[in-house]
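A.B. asks: A predicted structure for the sequence below; I have some questions about it.
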Protein chains: 2
Amino acid sequence: MKKIAIDAMGGDNAPKAIVEGVNQAIETFSDIEIQLYGDQSKIDAYLVQSDRVSVIHTDEKIHSDDEPAKAIRRKKQASMVLAAKAVKEGQAEAILSAGNTGALLAAGLFVVGRIKGVDRPGLLSTIPTTNGKGFDMLDLGANAENTAAHLHQYAILGSFYAKNVRGIAKPRVGLLNNGTEATKGDSLRKETYDLLAADDSLTFVGNVEARDLMSGVADVVVADGFTGNAVLKSMEGTAMSIMGQLKQAIKSGGLKAKIGALLLKDSLYEMKNSLDYSSAGGAVLFGLRAPVVKSHGSSDAKAIFSTIKQVRTMLETNVVGQLVDEFAKEAENND
Amino acid sequence: MKKIAIDAMGGDNAPKAIVEGVNQAIETFSDIEIQLYGDQSKIDAYLVQSDRVSVIHTDEKIHSDDEPAKAIRRKKQASMVLAAKAVKEGQAEAILSAGNTGALLAAGLFVVGRIKGVDRPGLLSTIPTTNGKGFDMLDLGANAENTAAHLHQYAILGSFYAKNVRGIAKPRVGLLNNGTEATKGDSLRKETYDLLAADDSLTFVGNVEARDLMSGVADVVVADGFTGNAVLKSMEGTAMSIMGQLKQAIKSGGLKAKIGALLLKDSLYEMKNSLDYSSAGGAVLFGLRAPVVKSHGSSDAKAIFSTIKQVRTMLETNVVGQLVDEFAKEAENND
């Protein structure tokens, strides 16, 4: 039985979307047990009772505008903090929240804790590509500054994730850079390039450019947290703006355009789905002693279900346990 | 009379697109004179004779895969190098090329030369926004590494450009960062934030996120060359991928979708135009002693015309001369 601790009070649609996603997951997967942390009466309003779901009541919660580190320290009874403690103390094996991202990162780092040997856990997401396969990118902003050693660890972390969670036998690792030639980039990129090229455990395909990410140029893309964050937000912002413009173009195009859009509806809907950043699951703060997964703040029940499914796969493949062994082995080799 | 030196041999459609763009510009603007550098017979095949166009023949040219700095040093008779020399020696006031970007940057730096006081000229482009106004961003990749002092200079350079070339009285300057709060980012961003906030000559609106760029959150966006390059390429890549997916969705959607697309054609065309990175003109290597402007490699005659128009505006407003005075003044104040 896989035990997942879920913060029922995080996100724009909590607790309704969270609890409904849980209901769906409990019905679909017979090998999971869920602990819901939050306001019992509000949770009960949506919960389908099951002996595999327990509710741990608390009145306190972390708000989206709370200062992350402070909130984790001071709100000891917050639903997110209790869920993280359950993981730390072994009552649960993973935590999921759609709440304050910074607070979840802090809870992950300070309550759940890092894998020995991983210096700076990175935020990883599977980002859609036009071929439908997606790619995993990290760090997406857990850190504002990274060294080449961190980026090397991200390549290892990302490869384990792609292999285990997405079933890619030999994940192609690319280094995000401002050109594809080996000599491109700043000192951080050049140093990282050498580390990745020298690591035989990786399938390193060299530098990749942001322009080619959506074409599926690599299965794992490694970036420092600052650039990774900027690139992810550029992609999201551009996708949203273009979809908005498309809507506007249809709206201002008169009757002809409206009929055209009606006829195109199914195709446009399919396209919108394939660009849907939430159906690929949540963002993982990867490199911690247990899966710590952030679902988008605007998650609906379907997105929560996808994220639970993702957490279940992480537990089933024991990707975190494998990482613990891998980094222990590396530490030994370096002795 | 404004004298513009143009590399007739650079870009995918040279010299045809270049010469046709020149023909159109000469007809439209009576106050420009153009010097075309390249293969005389190939140029003459498209050129409409005018006493305001001269052709300077040369057999040599820089290829798109030539190593930039080396090409500039060794190919002394290349069309791009001759055009840059014409600017250096005062026969022309600006240079335009659709050829090898790196080589043009090198020619700009080493032949045309920097404005005294500008440490690292930055690559600036006007990028489309959904409100049709666009924003100017720099550095887009002329430098792989930048300091806070460079970024401060980009804020000044970008403001002068937006004011003079785009007619924005008080350009709002934003610092690209991984959050909008003043304390966000790495040490480079924090240091830059303080410099921009302390400079009264700027209309600094604080940190801006990549997600909001296309919504027109600022008129000038300042970034280090590595991040700026990654963000621009993410935006371009995402826009291209989505437009490609839209095409695919229509194609695979059967007859109904095809009729729909036909009815939507005008609206889609308008949308595609508003996203057109080339109609906003070329990328300026800004901070040099004369306008050095790169038109996209795939430029057609229309794009070349737009870029000539942009160069003409830069000459008309004497934006470079103003910058020379501004940086001389700053140097004096620092003495």
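C.D. replies: Yes, it's here.
A.B. asks: Just the buried residues of stretch A:307-323, please?
C.D. replies: By 16 or more other CB atoms under 10 Å in any protein chain shown, the buried positions in stretch A:307-323 come out as A:307-315, A:317, A:319-320, A:323. Using the backbone N, CA and C atoms, a C-beta is placed for each residue, glycine as well.
A.B. asks: Report the rounded mean pLDDT for that stretch.
C.D. replies: With pLDDT averaged residue by residue, stretch A:307-323 scores 96.
A.B. asks: And that stretch, end to end?
C.D. replies: For stretch A:307-323, the first and last residues are 21 Å from each other (CA to CA, to the nearest Å).
A.B. asks: all helices of the stretch 151-300 of chain A, in order?
C.D. replies: Secondary structure of the stretch 151-300 of chain A, counting by DSSP state H, counting those that start in this stretch: helices at A:187-198, A:225-251, A:254-274.
A.B. asks: Could I get the buried residue list for the first one?
C.D. replies: Within helix A:187-198, the residues that count as buried by 16+ other CB under 10 Å are A:L188, A:R189, A:K190, A:E191, A:T192, A:Y193, A:L195, A:L196.
A.B. asks: Then the last one?
C.D. replies: By 16+ other CB under 10 Å, the buried positions in helix A:254-274 come out as A:A257, A:G260, A:A261, A:L263, A:L264, A:S267, A:L268, A:E270, A:M271, A:S274.
A.B. asks: ok, and what's touching that helix?
C.D. replies: Helix A:254-274 is contacted from outside by A:128, A:130, A:132, A:243, A:246, A:249-251, A:253, A:279, B:242, B:245-246, B:248-250, B:252-253, B:256-257, B:259-267, using CB atoms under 8 Å, 6 or more residues apart in numbering or on different chains.
A.B. asks: what pairs with A:V284 across the strands?
C.D. replies: Beta bridges link A:V284 to A:L124, A:V293 when assigned by DSSP bridges.
A.B. asks: Show me where chain A has its strands.
C.D. replies: Secondary structure of chain A by DSSP state E: the strands cover A:2-7, A:32-38, A:53-57, A:94-97, A:122-127, A:135-138, A:172-176, A:203-208, A:220-222, A:283-286, A:292-294.
A.B. asks: want to throw the ones you listed into CSV with mean neighbour count and mean pLDDT?
C.D. replies: Formatted as CSV, the entries for these read as follows, by neighbours: other CB atoms under 10 Å in any protein chain shown; pLDDT from 0 to 100:
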stretch, mean neighbour count, mean pLDDT
strand A:2-7, 26, 98
strand A:32-38, 24, 98
strand A:53-57, 17, 98
strand A:94-97, 30, 98
strand A:122-127, 24, 95
strand A:135-138, 28, 96
strand A:172-176, 25, 98
strand A:203-208, 20, 98
strand A:220-222, 29, 98
strand A:283-286, 29, 96
strand A:292-294, 28, 97
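A.B. asks: Return the member of the buried residues of stretch A:307-323 nearest to B:K170.
C.D. replies: Ranked by distance to B:K170 (CB to CB), the buried residues of stretch A:307-323 are led by A:T307 at 44.9 Å.
A.B. asks: Could you list which residues are in contact with A:E20?
C.D. replies: So A:E20 contacts A:Y46, A:A301, A:I304 (CB under 8 Å, 6+ apart).
A.B. asks: The same query, at a cut-off of 7 Å, please.
C.D. replies: Residues counted as contacts of A:E20 (CB atoms under 7 Å, 6 or more residues apart in numbering or on different chains) are A:Y46, A:A301.
A.B. asks: distance of A:E20 from A:N273?
C.D. replies: Counting by CB to CB, to the nearest Å, the gap between A:E20 and A:N273 amounts to 20 Å.
A.B. asks: likewise A:A169?
C.D. replies: According to CB to CB, A:A169 and A:N273 sit 27 Å apart.
A.B. asks: same question, A:Q153
C.D. replies: As judged by CB to CB, A:Q153 and A:N273 stand 33 Å apart.
A.B. asks: A:F204 too?
C.D. replies: 32 Å.
A.B. asks: ok, now A:K251?
C.D. replies: When distance is defined by CB to CB, A:K251 is 21 Å away from A:N273.
A.B. asks: again, but for A:I72
C.D. replies: Where A:N273 is concerned, A:I72 sits at a distance of 35 Å (CB to CB).
A.B. asks: next one: A:A106
C.D. replies: If you measure A:A106 against A:N273 using CB to CB, the figure is 33 Å.
A.B. asks: Do you know the pLDDT at A:L275?
C.D. replies: Per-residue pLDDT puts A:L275 at 67.
A.B. asks: Which residues are in contact with the spatially most central residue of chain A?
C.D. replies: Closest to where the C-alpha atoms of chain A average out (CA atoms, centre = their mean) is A:A283, at 1.0 Å. Residues in contact with A:A283, defined by CB under 7 Å, 6+ apart, are A:L123, A:L124, A:S125, A:L140, A:K294.
A.B. asks: Am I right that A:L232 is in contact with A:L138?
C.D. replies: No - the pair A:L232 / A:L138 is not scored as a contact, 10.2 Å apart, by CB atoms under 7 Å.
A.B. asks: And A:A142, its phi and psi?
C.D. replies: Its backbone dihedrals place A:A142 at phi -70, psi -30, with angles given as degrees, to the nearest 10.
A.B. asks: which ones are touching it?
C.D. replies: Taking CB under 7 Å, 6+ apart as the definition, contacts of A:A142 comprise A:L105, A:P121, A:G122, A:L123, A:G225, A:L285.
A.B. asks: closest to chain B among those residues?
C.D. replies: Looking at these and their distance to chain B, the nearest is A:G225, at 7.6 Å (CB to the nearest CB).
A.B. asks: Tell me who's in contact with the closest one.
C.D. replies: Contact analysis of A:G225 by CB under 7 Å, 6+ apart lists A:G122, A:D139, A:G141, A:A142, A:N143, A:A144, A:N146.
A.B. asks: which one among those residues gets closest to B:E236?
C.D. replies: Each of the contacts of A:G225 was checked against B:E236 using CB to CB; the closest is A:G141, at 21.5 Å.
A.B. asks: how many other residues sit next to the nearest residue to that closest one once chain neighbours are set aside?
C.D. replies: Here the nearest residue to A:G141 in space, its sequence neighbours aside, is A:N229; by CB to CB, 6 or more residues apart in numbering or on different chains that works out to 3.3 Å. Neighbour count of A:N229, defined by other CB atoms under 10 Å in any protein chain shown: 26.
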